Every structure is written in structure tokens, then in C-alpha cells.
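Chemist: For reference, the sequence and a predicted model appear below.
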Amino acid sequence: MKVILNKDVKYLGEEGDVKSVANGYARNYLLPRMLAVPYNEATVAIFEGRKAEIEARKEQKRKDSASLKERLEQTALIAEMPAGANGKLYGAVSALTVAELLHKSGFEIERKRIEIPGVTIKSTGKYHVTIKLYEAQTATVELTVKAQETAQEASPSDKKKEKGRRFSEDARAETETEEASSEPKPEEAKTEPVEEETSESGSEAVSS
């Protein structure tokens, strides 16, 4: 069935586009939701009247896309992955990995719009990732893949330094505890004896 899209439809087209789709898809999904209308003389005339308005919206999308492209290309992504001594990753960096890194940087990009050299990255290094934007626009983002250091990979000298640091902290804490215990506590402070006038006044003098 030939239809005119009344709104943007993901993976199909934009408002005002003429598309040929399966009858079932049109009747069960597009038409009931007012996402499209049947293509005929009447609907063509209606959309001709909306042409300027639709084009204005498309122009705004182009501007938004250009702004997004500029911001993306100023962003450098870093992925830390478990890797061997030769730089080979224990796993791979995929479009989903990049989408998650972009999300952390404040961008919401579908992974289907992300193109990675060789589909996945399996070695450490610097790469350029392509992101498809509106119409034919694309953005190129720099991605650095680093080996992730694990606890087992820490060098002996690092472990020795860590042990020394912990010993110093423990010794300092012990010294502070001893100094604190040697200071007189408020309840241990010496008080002058007072004469008891009544049991009530005596208790007040002690409490003060």
C-alpha cells in the first residue's frame, strides 16, 4: 500500500514522505495510530499545503544535527578493557560499549547509528568511530581503548608502597589514640569541695 507519512516513523521515514509498505503494516499499525494516511489525490493536496511547514521543521533538524555533530567531535571517549600483555582484549568494544560511553558523557545515541571499524575492536589503541546523524550528516568521535589494570597486575614495588602506607597510617592512628587517652576527661577534672547546705544545693554544686 502507498501511504504518506503524517509523522516521523522510526526506520521508515519522515513526515511528508511517500512510502510503499505492506498492507498489514499500514492497516494494523500506521493508519490506526495516524502515523500515515493513504496516498490519493485528496491527501496529496493536503500535504502540498503543509509543504512549507514540513520543510521548516526539517531545516531545524539539520541545525540541531549540526550542533550535535560539533559537540560530539569535541568529545574524546576512553574505554578501559581487560587485556593481555600484547594489547589483545579479553572481549571486544562494540557499538553498545560506545553508546554507553556516550551516555555517560551526556549523549543519547542509538547503537544502530554507531559504526566501528571492523564492527568490533579487539585491541588497545586509538580509533575513530562514525556516528550517523540526520540525513547524510555524520560525526567522527575519537575513541581510545586502554588495558584495564587489575589487582593481580599490580607490580611488587606498588604492593610494597601500599604496605608501607598502611603501616604509617596504623602507627599514626595508634599515636593519636594514646595522646587522646592521656588527656583528662571532663568527669576526671579536679573540683573544689563545697559545703553542703542542703541535699538539693549540694547536688546542684556538683552538677555545675
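Modeler: In hand now; what should we look at?

Chemist: Can you tell me how far Val21 is from Leu31?
Modeler: 10 Å (CB to CB, to the nearest Å). C-beta: built from backbone N, CA, C; applies to glycine.

Chemist: Common neighbours of the two, please.
Modeler: Residues within reach of Val21 and of Leu31 at once, by CB atoms under 8 Å, 6 or more residues apart in numbering, are Val3.

Chemist: Hmm, Gly91 and Pro82 touching each other?
Modeler: Yes - Pro82 is within contact range of Gly91, at 6.7 Å (criterion: CB atoms under 8 Å).

Chemist: what's near enough to touch His128?
Modeler: Counting by CB under 8 Å, 6+ apart, His128 has contacts Pro117, Thr140, Val141, Glu142, Leu143.

Chemist: just checking, which of those residues belong to helices?
Modeler: The members of the contacts of His128 all map outside helices under DSSP state H.

Chemist: and which of those residues is nearest to Val98?
Modeler: Leu143 (6.7 Å; CB to CB).

Chemist: Next, count neighbours for the closest residue to Ala76 other than its chain neighbours.
Modeler: Distances taken as CB to CB, 6 or more residues apart in numbering put Glu142 closest to Ala76, at 5.0 Å, once the chain neighbours are dropped. Counted by other CB atoms under 10 Å, the residues lying close to Glu142 total 14.

Chemist: Quick check: Glu142 vs Arg50, distance?
Modeler: From Glu142 to Arg50 the distance is 41 Å (CB to CB).
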